[in-house]
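Enquirer: next input, structure requested:
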Amino acid sequence: MKIKHHAIRLILPAILIFGLTLPLAAQNSQSDKKISLAVLPFENMNKDPRQEYLSGLIGSIVRQDLSDSGAVILVDRNNLNEVLEEQKLQFTGVMDDESIIETGRLVGAEYILKGGYVFLGEDLFLNLDLISTETGRSFSFSERGYRENIVHAITEKLLSHLTGREYTLQSDGGERSIIAKSQQEPGRVLLFSHIIDARIYVDGDFIGYTTGDATIPYEIVLSAGRHSIRTHLTQNFGVVKTPEIIFSDWSHEFTLKPGQTLVLEDRTNHFNSILYDMQQVIRERIEIKPGSNEPAEASHEASFTDRQGKVYEITLDITFLESPEGEGLAKIRLIYDGEEQILEYSCPAGERKDFKLDLDKSELRLDMECDSDWNWRLNYSIWRTDIYQGLHREEPHQTP
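Expert: Numbers count the residues shown, from 1 in each chain. The predicted structure follows:
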C-alpha cells in the first residue's frame with residue numbers, strides 16, 4: 001500500500017502539469033494553423049476579350065499576396081482544374097454556390113474565393129466573394145481604381161477577415177496602373193495663356209509655344225495618367241511662391257483620366273507686376289468738398305506675412321476734413337504690429353503735400369491734394385519695404 005500511495009503521489013503532479021500545458025500547446029497550434037483556400041479564376045464581367053488579360057493579372061497578385069502572408073495554404077491550381085473537369089464544371093459568373101462549395105470540399109479547401117471585375121473605361125470595380133465550404137456563408141469585399149494597390153487593398157480586407165490581424169500589402173510600387181495603355185482612351189489638356197511665345201514643356205519635353213491669345217487654348221493630347229506641364233519665357237516672367245518670395249516658372253502636376261478634357265490656366269506674369277501688387281498692402285483714396293464741412297472717413301483691417309513668416313496685423317482709421325483754418329487735415333489712428341499711433345497731417349489750401357512714415361518692413365504714404373476749388377483728395381497707402389521691383393534679378397530662381 002505504501003508503494004502504491006507513493007506512486008500516486010508521483011503521478012499526480014505529472015497529470016497536473018500535463019493538464020495545464022496541453023491546452024496552451026493546443027491553443028498555439030490552433031493560432032498557427034494555416035487556412036486552406038482555393039482561388040477560382042477571376043471573371044471578366046464586361047465579356048470584352050480586350051480586358052481578359054486582367055483575369056490572370058489580378059489573380060496572380062491576389063495569390064501572391066495570400067501566399068506571402070504566411071496565413072494561407074493555397075490549393076494547387078492544377079488540382080482545382082482537374083476537379084472542375086471531373087465534375088464537368090466550368091467556372092462562370094452564374095456557377096451556383098452549391099457547386100462552388102462542393103468543388104472546395106473535393107480539393108480540401110476550407111474556403112473558396114471567387115471574384116470578378118468590371119472595366120469602367122477609366123478604372124476597375126473589383127469584387128471578391130469568400131465562401132466557407134463548411135457553413136456555406138459568404139462575405140464580399142470590393143475596391144475601385146486603376147492601380148495595382150486596389151488589388152493589394154482588397155486582399156488586405158480578405159486576410160483581416162480570415163485571421164483577425166491587420167496586413168499592409170500596399171506600397172509606393174503598387175501605384176502603377178494595371179490597365180493596359182491600349183485600353184485607356186487618351187485625354188486632352190486645354191492650356192489657356194496670355195503670354196506670347198512662352199515655351200511649353202510636358203513631362204520635361206518641349207512641345208510648342210504659347211500664342212498669347214488668352215481666349216484660344218493650346219490643345220495637348222496625352223495618354224491617361226500622371227503628367228507635368230511647365231511654361232518658360234525669360235527670367236523676368238513666372239510665378240512667385242509666398243511668403244518666402246521665391247521665383248520660378250509656372251508649372252503644374254496633374255492626373256489625366258481616360259477621355260478627360262482638363263482645362264488649365266497659365267499663371268505666368270511679369271515678376272515686377274507681381275511684386276508691385278504684393279507691395280501694396282493698403283491703397284485707397286478719399287475726397288472732400290472744400291467749404292462743405294463734410295468730412296470723409298475710412299477704416300481698414302489688413303495684414304501681410306514677411307519673408308521670414310512673421311505676420312503683421314494692421315488697423316488703419318482715417319478722417320479727412322477741412323480744418324477751421326481752411327487747411328486739409330488728415331487724422332489717423334494706426335495700429336501696426338500691436339503698437340498704436342495717433343497722427344495728424346495737414347495741407348494748406350492751394351497746395352499739395354506728401355508724407356511718409358517708416359514702419360517695420362513697410363511705410364505709410366500720404367499724398368494730399370488741396371489745390372482744387374472743387375475736390376480735395378487724400379491718397380493713402382501702406383507699402384511693404386522688404387520687397388521691391390527688380391528683386392527677381394538679384395535672387396536665384398527655383399528650378400521647377
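Enquirer: so how far is Ile288 from Ser372?
Expert: From Ser372 across to Ile288, the span is 11 Å (C-beta to C-beta, to the nearest Å). For the C-beta atoms, the positions are set from N, CA and C on the backbone; glycine is no exception.
Enquirer: who has more neighbours, these two?
Expert: Ile288 (21 against 14; other C-beta atoms under 10 Å).
Enquirer: torsion angles phi and psi at that one?
Expert: Main-chain dihedrals, Ile288, degrees, to the nearest 10: phi -130, psi 160.
Enquirer: re earlier: now the common contact residues for Ser372 and Ile288.
Expert: With contacts defined as C-beta atoms under 8 Å, 6 or more residues apart in numbering, no residue is adjacent to both Ser372 and Ile288.
Enquirer: show me the beta-bridge partners of Phe192.
Expert: Glu265 (DSSP bridges).
Enquirer: just give me the neighbour total for it.
Expert: Considering only other C-beta under 10 Å, Phe192 is surrounded by 15 other residues.
Enquirer: buried set for stretch 339-359?
Expert: 345, 347, 349, 353, 355, 357, 359 (16 or more other C-beta atoms under 10 Å).
Enquirer: for the third one, helix, strand, or coil?
Expert: Spelled out, it's Ala349. coil (DSSP: H, G, I helix; E, B strand; the rest coil).
Enquirer: contacting residues around it?
Expert: Ala349 touches 290, 326-328, 370-371, counting by C-beta under 8 Å, 6+ apart.
Enquirer: same thing with the second one?
Expert: Counting by C-beta under 8 Å, 6+ apart, Cys347 touches 327-330, 353, 368-370, 376.
Enquirer: and these, which of them are in strands?
Expert: Using DSSP state E, 328-330, 353, 368-369, 376 are the members of the contacts of Cys347 that sit in strands.
Enquirer: distance of Arg176 from Leu169?
Expert: 15 Å.
Enquirer: same check on Lys331?
Expert: 70 Å.
Enquirer: which two among the ones in strands among the contacts of Cys347 are spaced furthest apart?
Expert: Spatial extent of the ones in strands among the contacts of Cys347 (C-beta to C-beta) is set by the pair Leu329 and Glu369 at 13.6 Å.
Enquirer: that older thread, nearest to Ser140 among the contacts of Ala349?
Expert: Closest to Ser140, out of all of the contacts of Ala349 and judged by C-beta to C-beta, is Gly328, at 79.7 Å.
Enquirer: which phi and psi values does Gly309 adopt?
Expert: The phi/psi pair for Gly309 (degrees, to the nearest 10) is phi 90, psi 10.
Enquirer: ignore the last one, Ser372
Expert: Per degrees, to the nearest 10, the backbone of Ser372 is at phi -100, psi 150.
Enquirer: nearest spatial neighbour of it, skipping sequence neighbours?
Expert: Closest residue in space to Ser372, ignoring its immediate chain neighbours: Pro290 at 7.9 Å, by C-beta to C-beta, 6 or more residues apart in numbering.
Enquirer: what's the burial count for that neighbour?
Expert: Residues near Pro290, counting by other C-beta under 10 Å: 16.
Enquirer: mind checking the pLDDT average for the helix or strand Glu82 falls within?
Expert: Assigned by DSSP states H and E, Glu82 belongs to helix 77-86. Averaged over helix 77-86, pLDDT sits at 70.
Enquirer: show me the shaky parts of the protein.
Expert: Applying pLDDT under 70 to the chain flags residues 1-32, 81, 84-97, 181-184, 400.
Enquirer: one more time with 50, if that's ok
Expert: Within the chain, the segments meeting pLDDT under 50 span 1-31, 90-94.
Enquirer: outline the domain layout of it.
Expert: 33-182, 185-267, 279-384 (automatic domain parsing).
Enquirer: in TSV: the ones you listed, plus distance to Glu395.
Expert: As requested, the domains of the chain are arranged in TSV below (distance: least, C-beta to C-beta, whole Å):
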stretch	distance to Glu395
domain 33-182	34
domain 185-267	7
domain 279-384	10
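Enquirer: and Gly390, which of these is closest to it?
Expert: Across the domains of the chain, closest to Gly390 is domain 185-267 (C-beta to C-beta), at 9.8 Å.
Enquirer: buried stuff in stretch 50-63?
Expert: 51, 54-55, 57-59, 61-63.
Enquirer: ugh, wrong one, I meant stretch 156-175
Expert: Of the residues in stretch 156-175, those buried (16+ other C-beta under 10 Å) are 156-159, 162-163, 167, 169-170, 174.
Enquirer: redo these as a markdown table? Include distance to His392 and secondary structure.
Expert: Output for the buried residues of stretch 156-175, formatted as a markdown table (distance: C-beta to C-beta, whole Å; DSSP: H, G, I helix; E, B strand; the rest coil):
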| residue | distance to His392 | secondary structure |
| --- | --- | --- |
| Glu156 | 49 | helix |
| Lys157 | 52 | helix |
| Leu158 | 56 | helix |
| Leu159 | 55 | helix |
| Leu162 | 60 | helix |
| Thr163 | 59 | helix |
| Tyr167 | 51 | coil |
| Leu169 | 48 | coil |
| Gln170 | 43 | coil |
| Gly174 | 42 | helix |
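Enquirer: check the buried residues of stretch 339-359 and tell me the two furthest apart.
Expert: Applying C-beta to C-beta across the buried residues of stretch 339-359, the maximum distance is between Ala349 and Leu359, 29.5 Å.
Enquirer: count of neighbours near Thr133?
Expert: There are 21 residues near Thr133, going by other C-beta under 10 Å.
Enquirer: same question, Glu369
Expert: Residues near Glu369, counting by other C-beta under 10 Å: 18.
Enquirer: I figured it hits Arg377, correct?
Expert: Yes. With contacts counted by C-beta atoms under 8 Å, Glu369 reaches Arg377, the gap being 4.3 Å.
Enquirer: and the helices in the chain?
Expert: With helices called from DSSP state H, the chain shows them at 2-32, 53-69, 77-86, 97-106, 149-163, 271-279, 391-394.
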